[in-house]
Every structure is written in structure tokens, then in C-alpha cells.
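J.: predicted model and sequence follow; I will ask about them next.
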Amino acid sequence: MDFSLSDEQVLLRDSAERFVREEYKLDARRRLVAAGDPISAEHWRQYAELGWLALPIPEDVGGLGGSFVDLMVLMVALGSGCVLEPYIPNLVLCAPILDRSPARSLLGAVADGSLRLALAHDEAGDRFNLAGPRTTQATAAGDGFLLTGAKTLVLGGPSADRFIVSATITGEPACSLFLVHRDQVEDQVEQALSRYPLIDGTWAADLSLSVEVSADALIVRSDRATALLDEAIDRATLAYLAEAVGSMETCLEICSAYLKIRKQFGQAIGKFQALQHILAEMFVEAQEARSILYQALSQIGADASLRRRAVSAAKIVIGQASQIISRQGVQLHGGYGVTDEYPISHHFKRLMVIEKLFGDIEHHTTRFAGTAPGLQAPDSSPAA
Amino acid sequence: MQLEFDAFHQAFREEIRAFVRENLPPEMARRQKQLSFPGNRSDILEWMRILHRRRWSVPNWPVEYGGTNWTPLQHFIFERESQEADAPGLFRGGTHMVGPVIYTFGSEDQKSKFLPAIREGRFSWAQGFSEPGAGSDLSSLRTTALLRGDRYVVNGQKIWTSGAHLSAWGYFLVRTDTDVKPQNGVSLLLIDLATPGITIRQIPQIDGDAHLCEVFLENVEVPAENLVGKEGAGWTYGKFLLDNERTFSSFIYWNIRELRKAKEIAQRETMDGTPLAQLPTFRARLAQAEARVLALEWSVLRVLAQEARPHKLSVIASALKLRGSELQQLITELQVDLLGARSLRFYAPSETEQLQSPDDAFWPDYVPGKTGIALITRAASIYGGSRQVQRNLIAKHAFGL
């Protein structure tokens, strides 16, 4: 085993850390959030220039063909700045789906920053069961389909040019995936796209669909769609967890610096053992978080049951670590911790979002228990 | 031991219930239910005026100042039933903090000027205690008030002055003598917040709200008659004022109400068609929270019934504060967990007050506001003596460590 980074990975990390230093100082981040734009076009251009948008895209369609480990290196570094750009919704969730569809030639435009994507999959009542049947319907209409239904929590939706929409073709047992232009969605229903910020300043949208699309909009048929979605969601989940690790490690730096400068009772508060122990406890959590991230990385290319098990384990450990680190991080800051004017509250909310996206601790505990030796229900098969 | 409410208190409970049912405007109750914390300030004052018509707006005050002769259990019932019906609370900055200080230590002029205003819910008060360099260590406060003729000239800076931007007056701890031990030179001053030289800045918060404030005081001239009691006794009055609320820091009534809301969410949110309240994990978490709330409620009752105890009351108050704030956080986290990914949407404070449909497929009425409350409730283990300070107090005063 060797956990050291390659020279290229070091360069990648350094460029991302520089970007965070230059573009994501606290004041700059607060201005971006206050501006209320779902995306900074300037930042997205920089992402393209720095090669980050091309990184996970195959070389034959204009990408760099980077590995998932490369992606992790980037996400940990970006996580340290709580960046706002919808990188994961575009590059980790949608791009791999497109890559295995007849529309893969569009990936060049994703890599150069001229095309943005979002996955419209969540529906009311899902509660993290993203593999369940979709109520959004695709009924035959002319040569194509009529898509009707409603989607929620479409991450990066407000800044997307096209949506990958999951819908059930009449008579089929599972959903299929359709590529739909934003204009098509917006032209057909009044207020078809309702956008809103999440608590961390990133953006999502609800879609109200009543859209006629041509036959070639169907990019992944139901026989493959569920497995493909499952894999894309697991990979996106892991990318978010890498961001969380970067965020948590930064929380430790922020808190340790604060304990040294904040004085009460005539001394730096870091001199108080009660607070030292809190920071030490946070340190242990951060160590374990990075370890379980590596564990999951080792299984991300494995078959579905191993991959799901590994991602759920990471989601549990990192979720619990991020709760402890963010909550104690605020506590160590006293009243300043609950203001928007100190970075710890920004990390708190980013970590809370990551903990809840694509299944919370509860959900992944159930999923993990279903695969853990000795914990399966008597009637469940190990590969389920 | 007598472990039940007697007939007198049972009857009183019915009286409170009937009053609230007949007098609480439904819109106010709806806003209060959705918003919860800190509550809409104009609703709180309006509720004070409604209570005043029944002479219940300052129930904890002596009768001569418009209060009641209620037993401790009657106070408990009043608070509990009010919260149960989603009524706004009393304006405690007036009723429980500065009011009792004024009628106990204030001048006759101060009593006649300020007590009726508090009683009738005319305006709200802000508390100017903490400073940027004096939080947990309040005794190191540096804001000065120096006597020049018949006025004090005040200079300094206060922080966490909740609601200062909506308040007409503030009660401030200031240093009137800089030559003595830190605790001795502090006085309590009532300051009209419209006085020239006062600048109020709202601090943007983790939940998107901004009711915590910084107050800058630059050569603010305050009439000497606004000094409460004696110069240099501010520390005693400040402690008296904070000590007045021994049991309230448990947030018991709030915890009971928010747990009820959590259970409502658990009935309405489903997974694969099953209400979350029926799932083993959430069922266990809700049940454990309820057991802890029950214990806290009986801890409060023991204090209210003046049980003989081996420890100083302040030690019990610290225990109530510790467990109460823990439960505030645990219950609001539970609400957020029940909402799942729906909890991630940001609602501006103004949006959380707007009418939401209970039938909205994605964003029903129990969603807005919950996450914001969970976020700001991180402060529950910080304000009013942080978790760490409370633990130090128990170690010191209960065990002499």
C-alpha cells in the first residue's frame, strides 16, 4: 500500500488549494452567497481553464481521463473552501451517465465549460430511496415521448442547460433516462423551474414537467438505467464525502487558530483543558474520516454490492464525524460560532448538506447492515 | 410527598386553557408554531397586551406592581399551557429580567416610568452585558460610564444584544469606577436606545436571521437618574437578574412543544408509505427524547415545589441549563433528521412566517423554519453561561473542586 500522491496529483491539489486561497476567502464567499446567483460564470470558466471540468471525462471526447483518485484529491482541496460551484452534480453525477449513452459526444462541451447538466431524479416521498420506481411518466407521443411529473432537489438545476430526467415508460418496471433541454422544460409550463438556495449557499430546483421530447431524448433504457444511476449516485456520494474530509480538516485548523488567539480569564482559551479535549476528540474523528474515505475509494470500482457497502460505511463514519466536528467547532467559537462572519458556520452548513444528500446516516446504516456479515436478515441474499 | 396536581391546580389549568383558547389570535398561533424562536417580537408584545387585560402579563411580579399571587405550580401551568397552545411567550427581558431589578432596587421614578410600560407590552428591552472581550468572562467588561455633572458619559461596545434593533430601551452593565477590583466598579444603567452616539449593527447569523446585535456607544449621555440602585452594585443586580430565572434556562416548555412538533413530523413524513414514527430507529429516538423531557420536567417541578436539597440552587440551575440546552439541540436535530433532505432548503426568516400549504408535495407547512431553528440552537449551549462554564460551576459549587 502507498498513500502518497503522484506528482500530477500534487500539482492538482496545489492548484485547487491556490484557487481556494484566492477565490474563497470568507468575505468573497459571503459576497457570492449574497449575490444570489446560482453559479459564478467566472469561477466556472476558471474550473474549465484549470482542467478540472475535463479531469474525469474520457480523452476521446475531449477530457483528461483522470482517475477517481484524482477526482478525490481535487474534492478534498475544494472542500477546504466550501466552494459553491455545482461540480459534483455536473461531473460526477451526470457526466458518467452521459458517457454511457448515445449522447456522449456532448461531453466535450461539458469539459470546456460551455454545457452544464443536472440530474432530475428525486420525487416526493422518496426519502432517500432513490432506486424506487419513478412516478414521472413517459408516454408515447408522436415519434417521441410526453414526460409528465415533478422533480425536487435537482442539484445545480438553476444553472443547468440540460437535465437528465428519470421517468417510467408506460408498462416498464423501472425508470429510463431522458436528456431534456432547459428551454423545453421552461417553455411548456408556467414556472416550470422553481429555484432555491440550500442552507450552504448552493442551489437546487424543483421541476414541474409536461414536456414533449423526441425519441432520441431517451438516452438510457430501463434495463440499464437503475444500475447506472445507482453507480453514479454512489460515486457522487463519495465525491461529496471527500469534500467533507477537506472541510473537517480545515475546521480543525480554524479551531486551533481560534483557541490560540481568543482570550478570556486573562489567557488564551486554548489553555483550558476542557477545550483541549474537545479539539483532541475532533482530531480523532478527522483521522477516522480520512481512513474510511480511502477504504471506500478502494472499492469504488468494485462490483455493485461491494461498492455500495463501502460507500455506506464511509457515509456513516464521515457523517458522524462531521456532526461532531461541526457542532464542537461552533461550540469552541462561542457566540461567534453562530454568526455568518466566521468560517466555522459555513463549514457547519456545508457538512450538514453533505450528511443529508443521497441518504443520511440512518439510511446508510440500514443499507450497510444489510450487507454486513452476521447482520443480514435471514431471508436477504448477500449481494442485495 | 404529594405527586399530583391538587384540585385547585387542576381547575387553574382549565382556566388557562379556556383563556388561551378564547384570546389567542389564530394567525399569531400559526406564526408562532412555524417560527418558534425567537418568535415574532410584535406578536410577543401584542400577546403581552392581551394578557395585561386579564392582569396576567407580569404574573411573577408582586401584586402591588400588577402581578399575581400564583403558586410556583401555577406559574408552571401557565407557561406550559401557553406553549402547548402555541402562544408567544412573555417578553422575558422585561418581565423576568429588568422588571424585577427595577421594582427591587430601582427608584420610585424608575418604577412609575418603566413598570407600567413592561406590564402593558409597550416596547421591548435589550440586554447589554457581553462585550467582544468579555463573554464567558463577563467581569472583564470595559464599557465605561463616567459621571459628568448630572449625566453619565458612556463609551464602549456591547455584543449579543439580542433584538437591540427592535428595542426602545436597554439595560447595560457598565464600568463606573475603573480604579477598583473588576467586580466592584460595575453599575447597571438604563439607556434609551435612541440617544445620540448609539450605533446598532445587526450581526448576520448562521440561520440567515440577524437579531443578535452589536451596540456601539460613543460619548452617549445618559441622565444620572437612570442608574439603578447604587453605583458599583451592578454586579449584584446583574446576578440577581440572571438568578431570577432559575428554571427557565431548562427551556422545559419549549422542549415539550418542539418534541410535540417532531412527533407531528414523524406522523406525516413517510418512507415507502410508512410514517417515520413507525420505523424502529426514529421511534426509539423519539421515545428516548420523550423520556428525557419527562425527567427534565420533574427536575423543574422539584425546584418549583422547593424541595429541600443538599446543594445550592445555582448548582441545580446549572444542571437544568446543561440538560435543557442538550435537549433543545437533540430535539431540533431530530426534527431536521425527520425532514431528511427537505431540511436542506434555505428559508429566509421572512419566508418562515409566510403561510405554507400543509398539502404541498415537496415543501409542506412543517418544513420552513425547522432547520434555521436547529442551526441557531447551537447557541443554546453557549449563551447564558456556556456548557463548559456550567460544568465548572457544578464542579466548584457542588463538590468544592
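T.: Received, thanks. These numbers were taken from a predicted model, which means no experiment stands behind them.
J.: going by C-alpha atoms from here, please, whenever you check contacts or count neighbours.
T.: Fine.
J.: residues from the stretch 201-350 of chain B in reach of chain A?
T.: B:203-206, B:208, B:269-273, B:281, B:337, B:340-341, B:344-347 (CA under 8 Å from any CA of the partner chain).
J.: among those, which ones are buried?
T.: Neighbour-count burial (16 or more other CA atoms under 10 Å in any protein chain shown) applied to those gives B:203-206, B:208, B:269-270, B:337, B:340-341, B:344-347.
J.: so which residue of the stretch 51-200 of chain B comes closest to chain A?
T.: The nearest approach of the stretch 51-200 of chain B to chain A comes at residue B:137, 5.7 Å away (CA to the nearest CA).
J.: tell me how many other residues crowd that residue.
T.: Residue B:137 has 16 neighbouring residues, counting by other CA atoms under 10 Å in any protein chain shown.
J.: residues contacting it?
T.: Residue B:137 is in contact with A:264, A:265, counting by CA atoms under 8 Å, 6 or more residues apart in numbering or on different chains.
J.: these two touch, right, residue A:128 and residue A:363?
T.: Yes - Residue A:128 sits in contact with residue A:363 when judged by CA atoms under 8 Å, with a separation of 7.1 Å.
J.: circling back: where helices are concerned, which of the buried ones among the residues of the stretch 201-350 of chain B next to chain A count?
T.: residue B:337 (DSSP state H).
J.: the buried ones among the residues of the stretch 201-350 of chain B next to chain A in strands, which ones?
T.: With DSSP state E as the criterion, strands contain residue B:270 from among those.
J.: where's the most centrally placed residue in chain A, which helix or strand?
T.: Central residue of chain A (CA atoms, centre = their mean): residue A:240, 4.2 Å from the mean position. When secondary structure is defined using DSSP states H and E, the element that contains residue A:240 is helix A:222-261.
J.: now check that helix, is it near chain B?
T.: No - Helix A:222-261 does not reach chain B (CA under 8 Å from any CA); its nearest approach is 11.5 Å.
J.: what's the closest non-adjacent residue to whatever residue of the stretch 251-384 of chain A ends up closest to chain B?
T.: Using CA to the nearest CA, the closest approach of the stretch 251-384 of chain A to chain B is made by residue A:339 at 4.0 Å. Nearest residue to residue A:339, sequence neighbours excluded (CA to CA, 6 or more residues apart in numbering or on different chains): residue B:205, at 4.0 Å.
J.: which stretches of chain B form helices?
T.: B:7-23, B:26-35, B:41-53, B:72-84, B:92, B:99-105, B:108-119, B:234-243, B:252-268, B:280-304, B:313-339, B:349-353, B:370-376, B:387-399.
J.: least reliable of the ones you listed going by mean pLDDT?
T.: Ranked by mean pLDDT, the helices of chain B bottom out at helix B:349-353, with a mean of 80.
J.: give me the neighbour count for the closest residue in space to residue A:53 that isn't next to it in sequence.
T.: Among residues not flanking residue A:53 along the chain, residue A:111 sits closest, at 4.8 Å (CA to CA, 6+ apart). The local packing of residue A:111 (other CA under 10 Å) involves 27 other residues.
J.: kindly report the same for residue B:278.
T.: 14.
J.: middle-most residue in chain B, spatially?
T.: residue B:92 (6.2 Å).
J.: how about residues contacting stretch A:359-374?
T.: A:127-129, A:305, A:308-309, A:312-313, A:315-316, A:319-320, A:355, A:375-377, A:380, A:382-384, B:281, B:337, B:340-341.
J.: check the gap between the closest residue to residue B:271 other than its chain neighbours and residue B:369 for me.
T.: With sequence-adjacent residues excluded and distances taken as CA to CA, 6+ apart, residue B:271 is closest to residue A:127, at 5.8 Å. Residue A:127 is 19 Å from residue B:369, where distance means CA to CA, to the nearest Å.
J.: could you check which of the two has the larger neighbour count?
T.: residue B:369 (25 against 21).
J.: would you mind measuring from that one to chain A?
T.: 11 Å (CA to the nearest CA, to the nearest Å).
J.: and that residue, its phi and psi?
T.: Note on residue B:369: its backbone torsions stand at phi 100, psi -30 [degrees, to the nearest 10].
J.: wait, it sits on residue B:31?
T.: No - using CA under 8 Å, residue B:369 is not in contact with residue B:31; the gap is 10.5 Å.
J.: give the closest residue to residue A:197 in space, chain neighbours not counted.
T.: Nearest residue to residue A:197 in three dimensions, chain neighbours excluded: residue A:203, at 4.3 Å (CA to CA, 6+ apart).
J.: residues in contact with the one you found?
T.: A:38, A:155, A:156, A:157, A:158, A:195, A:196, A:197 are the contacts of residue A:203 under CA under 8 Å, 6+ apart.
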